[in-house]
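**Q** Provide a 3D model corresponding to the input given below.
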Amino acid sequence: MPPSTARRVRVVSLSVLALLAIVAVAALAIGPGQVERGMNRVDASRAGPVSDAARRLHDSLLVADLHSDLLLWHRDPLARGTRGHTDVPRLADGNVALQVFSTVTKTPRGINYERNTAETDNITLLALLQRWPSPTWRSLRARALYQASRLRDAAARSHGRLTLVRSAADLDAFIAARAAAPANARPVAALLASEGLHPLEGDARNVDTLYAAGFRMLGLTHFFDNEVAGSAHGVSRGGLTPLGRDVIRRMEALGILVDVAHASPQAIDDVLAMATRPVVVSHGGVQATCPGPRNLTDDQLRRIAATGGVIGIGYWDGAVCAIGPASTARAIVHAVRVAGLAHVALGSDFDGATTTPFDAAGLAQVTQALLDAGMTPADIAQVMGGNVLRLLRATLPR
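**A** Predicted coordinates for the structure are as follows:
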């Protein structure tokens, strides 16, 4: 090759490498945000007005929500975001006292509500784009622990604005601190959960690992069957495995709440047959107002309530079909009628690749919708947070 040609080849090669480097940097800087903007949306056209009476009632409540996936995304929980649904400033604006934050460690490509295998994974690429530590590129346990560390770090940096709750004593201290705080400086409590038990990586001893990291609620499955149980969206849709039964017993011994959101009907049956403590559904809907593979039948509502548990009702289409506060209120009213007032709560699935009519700052719209549906202020107070706080006081480790 003539020297001039060789020089041109080198110049072109270096230019291509430089272009690839620019593209990679741009993907790291812009990619995660653009991905999230397309997945966690607010459709304000589905929202409704809030009266002064509803706003006054809402501001008097202790609001609790059972499910947010904020920790998956490349955002500081303490900073007010311009995308997604939750962060501490917006939770404070929405008068949220306690938010359950769930870690997401694996989702299948082509994710859908009907049938998914465990062979593919979207989170690996997201972990790379968001520059997560290298152990998270391969280990689901490492992903859960990394997201947990992000929540602990946010609480440590918050100067009291965000408190991580691990015990009943933590919760009581937080409630007292919130009651003493000015209305414009109320702190927010966080409880750590997992979206599925695949981070156990097939080893029941990792229940203790997650407990030590602060996890106090664990979902069994997500969108695919795992080593513990079948998913409502999986292939086998089977029940608890022998490992799953061991895991349930260990969770109950430690005081970790069992969450059957996304679990198959058979897995829910198996859990309810062996549970000795309350069982929860962190986020979902009811078949009576929105038929779907993960929404609960009236029989399931009654049996979960019989354990002393609670059912979190969401705001997105898979939970309530027609997105809007009135649809959420309709599902809540039905669940209260069937399961009983003490067993219904909020389960937003904020930041869970969902489109909702409002973000965390707009939760007064749910209060308005419940008033419009005929619920009394006292009953609304229980659904909007009282039931969750009572359950946690009774079940968190002492």
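**Q** Spell out which residues make up each domain of this structure.
**A** Domains of the chain are assigned by automatic domain parsing as 1-38, 51-395.
**Q** a markdown table please, covering those domains and showing mean pLDDT, distance to residue 45 and mean neighbour count.
**A** In short, each C-beta sits where N, CA and C put it, glycine included. Listed next are those as a markdown table, based on pLDDT from 0 to 100; distance: least, Cβ to Cβ, whole Å; neighbours: other Cβ atoms under 10 Å:
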| stretch | mean pLDDT | distance to residue 45 | mean neighbour count |
| --- | --- | --- | --- |
| domain 1-38 | 53 | 17 | 11 |
| domain 51-395 | 97 | 8 | 20 |
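**Q** which residues of the stretch 101-250 of the chain fall in strands?
**A** Using DSSP state E, counting those that start in this stretch, the strands of the stretch 101-250 of the chain run over residues 162-164, 188-194, 215-219.
**Q** Quick check: which of those strands is nearest to residue 281?
**A** Evaluated with Cβ to Cβ, the strands of the stretch 101-250 of the chain place strand 215-219 nearest to residue 281, the distance being 9.4 Å.
**Q** Export the closest one to PDB, keeping only CA atoms.
**A** The C-alpha trace of strand 215-219 is given here as PDB (Å, rounded to 0.1, in the frame of the first residue of the first chain):
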ATOM      1  CA  PHE A 215     -35.300  -4.700  52.000                       C
ATOM      2  CA  ARG A 216     -38.600  -5.100  53.900                       C
ATOM      3  CA  MET A 217     -40.900  -6.100  51.100                       C
ATOM      4  CA  LEU A 218     -40.100  -8.700  48.400                       C
ATOM      5  CA  GLY A 219     -42.200  -9.400  45.300                       C
END
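**Q** can you pull out the helices in the stretch 151-300 of the chain?
**A** With DSSP state H, counting those that start in this stretch, the ranges of helices along the stretch 151-300 of the chain come out as 168-180, 206-212, 242-254, 265-274, 298-306.
**Q** is it true that residue 248 touches residue 242?
**A** No - counting by Cβ atoms under 8 Å, residue 248 sits too far from residue 242 to count as a contact (11.0 Å).
**Q** Am I right that residue 367 falls within a strand?
**A** No - judged by DSSP: H, G, I helix; E, B strand; the rest coil, residue 367 forms no part of a strand; its state is helix.
**Q** Might you report the residue contacts of it?
**A** Residue 367 makes contacts with 50, 54-55, 57-58, 61, 380, 384, as judged by Cβ atoms under 8 Å, 6 or more residues apart in numbering.
**Q** and of these, the nearest to residue 101?
**A** Comparing these against residue 101 with Cβ to Cβ places residue 384 closest, at 18.5 Å.
**Q** Pretty sure residue 64 is one of the things residue 346 touches, is it not?
**A** Yes - between residue 346 and residue 64 there is a contact under Cβ under 8 Å: 6.9 Å.
**Q** and residue 249, what does it touch?
**A** Residue 249 sits next to residue 274 when contact means Cβ under 8 Å, 6+ apart.
**Q** Residue 85 versus that one, what's the distance?
**A** From residue 249 across to residue 85, the span is 35 Å (Cβ to Cβ, to the nearest Å).
**Q** Check residue 266 too.
**A** According to Cβ to Cβ, residue 266 and residue 85 sit 32 Å apart.
**Q** Repeat that for residue 114.
**A** Taking Cβ to Cβ, one finds residue 114 at 25 Å from residue 85.
**Q** and if you look at residue 131?
**A** With Cβ to Cβ as the criterion, residue 131 and residue 85 are 23 Å apart.
**Q** just to revisit the earlier point, and the domains of the chain as JSON lines, adding distance to residue 44?
**A** Output for the domains of the chain, formatted as JSON lines (distance: least, Cβ to Cβ, whole Å):
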{"stretch": "domain 1-38", "distance to residue 44": "15"}
{"stretch": "domain 51-395", "distance to residue 44": "7"}
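**Q** got the contact list for residue 99?
**A** For residue 99, the contact set (Cβ under 8 Å, 6+ apart) comprises 64-65, 68, 86, 91, 188-191, 360.
**Q** in terms of contact, does residue 92 touch residue 186 like I think?
**A** Yes - Residue 92 lies in contact with residue 186 (Cβ under 8 Å); the separation is 6.3 Å.
**Q** Residue 97 should be in a strand, yeah?
**A** Yes - under three-state DSSP, residue 97 falls within a strand.
**Q** Now it: closest residue in space, sequence neighbours ignored.
**A** residue 62 (4.5 Å; Cβ to Cβ, 6 or more residues apart in numbering).
**Q** mind pulling up the phi and psi values for that neighbour?
**A** For residue 62, the backbone dihedrals are phi -100, psi 100 (criterion: degrees, to the nearest 10).
**Q** how about it, what does it touch?
**A** The contact partners of residue 62, taken as Cβ under 8 Å, 6+ apart, are 97-98, 175, 178, 381, 384-386, 389.
**Q** what's near enough to touch the nearest residue to residue 364 once chain neighbours are set aside?
**A** Using Cβ to Cβ, 6+ apart and skipping the chain neighbours, the partner closest in space to residue 364 is residue 58 (4.1 Å). Applying Cβ under 8 Å, 6+ apart to residue 58 gives the contacts 50, 95, 363-364, 367-368, 384.
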